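Q: Build me a structure from this.
(one chain, ligands or ions: 1)
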Amino acid sequence: MDTRTIIDKIKQNKKQPNLRFRLKRETEAFTDLLFLSLFDIETPIDKNLPLLQEKFDLLADLACWDPEKACSSIWEDYLQALPEILEKLNLDAQAIADCDPASLSIEEVYLAYPGFYAIAIYRLAHELYKKKFPLVPRLMTEYAHRQTGVDINPGAHIGKSFFIDHATGVVIGETAVIHDHVKIYQGVTLGALYVAKNLSDTKRHPTIENNVTIYANATILGGETVIGANSIIGGNAWLTSSVPPNSKVYHNPEIEIRTHQNDK
Ligand SMILES: CC(=O)OC[C@H](N)C(=O)O
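A: Numbers count the residues shown, from 1 in each chain. A predicted model of the protein is given here:
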């Protein structure tokens, strides 16, 4: 094939006229500035608000190519929601500081905890998801996923004072509902019982009621699965049906330990 033919064939197969990867980079720049404007004392909100709006307008230009779904007007509503989101995030940070014996200060939580970062970006993205801003909320939570290993779909509903400790490998599906004061550990999956395209718009992921703790690598599946309030789900548990409030659910592994002396 000559060079001209190669170029023509690539052009023919480069099929998505609206696919601009700049959207991803710009979403990440917006997310960084938003996060710092909310928490970093050296990034004042009053000075950065016009820049945030400018960046948001660019995202609206890049992401809202469907003329029927214009989205630049979303900024004003989004701005109105930011103080309440920040209040919720401060509650999350406090819950982490209060619950984790390893945390030495609240500053450490904001600066170092991947669980806090993932929840922060999720809450900021969820507000845009609610307003049906296309693509950007998913790019935001995927940005957090890349940095933390925590995959929270922006469609999930998460209540107050949510604590994810250690964080890596956590997956929270689009239709999961998590009530208040829930704690989860690394590797927990709140997932669908099975995956089929025609299940879009149906509740596929579990509901976790108030004050539930879910330890590492537990997997809880299904849209009708409800983990009752105050329950404790032990590490590695595999649950596909509901448990009543105040339950303790433990996976019972059969591990045999032999020493050299009695090993025949
Ligand atoms: C988290 C999870 O189960 O994902 C499976 C699929 N993406 C869905 O949303 O149903």
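Q: contacting residues around residue 88?
A: Residue 88 makes contacts with 123, 160, as judged by Cβ atoms under 8 Å, 6 or more residues apart in numbering. C-beta: built from backbone N, CA, C; applies to glycine.
Q: And it, what's its pLDDT?
A: Per-residue confidence (pLDDT) for residue 88: 98.
Q: Show me where the stretch 151-264 of the chain dips below the pLDDT cut-off.
A: 262-264 (pLDDT under 70).
Q: any idea how this structure splits into domains?
A: What automatic domain parsing lists as the domains of the chain is 16-151, 169-252.
Q: what's the spacing between the most centrally placed residue in the chain and residue 174?
A: Nearest residue to the geometric centre of the chain (Cα atoms, centre = their mean): residue 152, 2.4 Å. As judged by Cβ to Cβ, to the nearest Å, residue 152 and residue 174 stand 10 Å apart.
Q: can you give me the strands in the stretch 101-250 of the chain?
A: In the stretch 101-250 of the chain, the strands defined using DSSP state E, counting those that start in this stretch lie at 151-152, 157-158, 163-165, 171-172, 177-178, 183-185, 189-191, 207-208, 213-214, 219-221, 226-227, 232-233, 238-239, 248-249.
Q: would you list every one of the helices in the stretch 51-200 of the chain?
A: 74-99, 106-112, 114-130, 136-148 (DSSP state H, counting those that start in this stretch).
Q: Looking at these, which is nearest to residue 33?
A: helix 114-130 (11.3 Å; Cβ to Cβ).
Q: tell me what that closest one is packed against?
A: helix 22-39, helix 74-99, helix 136-148, strand 151-152, strand 157-158, strand 163-165 (3 or more Cβ pairs under 8 Å, 6 or more residues apart in numbering; DSSP states H and E).
Q: so, in contact with the ligand or not, it?
A: No: counting by Cβ under 6 Å from any ligand atom, the ligand has no neighbours in helix 114-130; the shortest distance is 13.6 Å.
Q: wouldn't residue 192 be in contact with residue 223 here?
A: Yes: taking Cβ atoms under 8 Å as the definition, residue 192 is a contact partner of residue 223 at 7.3 Å.
Q: tell me, what's touching those two both at once?
A: 204, 205.
Q: got a list of what the residue nearest to the centre of the chain touches?
A: 118, 119, 122, 141, 144, 145, 158, 170, 172.
Q: now do 7 Å
A: By Cβ atoms under 7 Å, 6 or more residues apart in numbering, the contact list for residue 152 reads 118, 122, 141, 172.
Q: Same question for residue 45.
A: Residue 45 makes contact with residue 37 under the criterion Cβ under 7 Å, 6+ apart.
Q: same thing but 8 Å
A: Neighbouring residues of residue 45 by Cβ under 8 Å, 6+ apart: 37, 38.
Q: how much space is there between it and residue 35?
A: Residue 45 is 12 Å from residue 35, by Cβ to Cβ.
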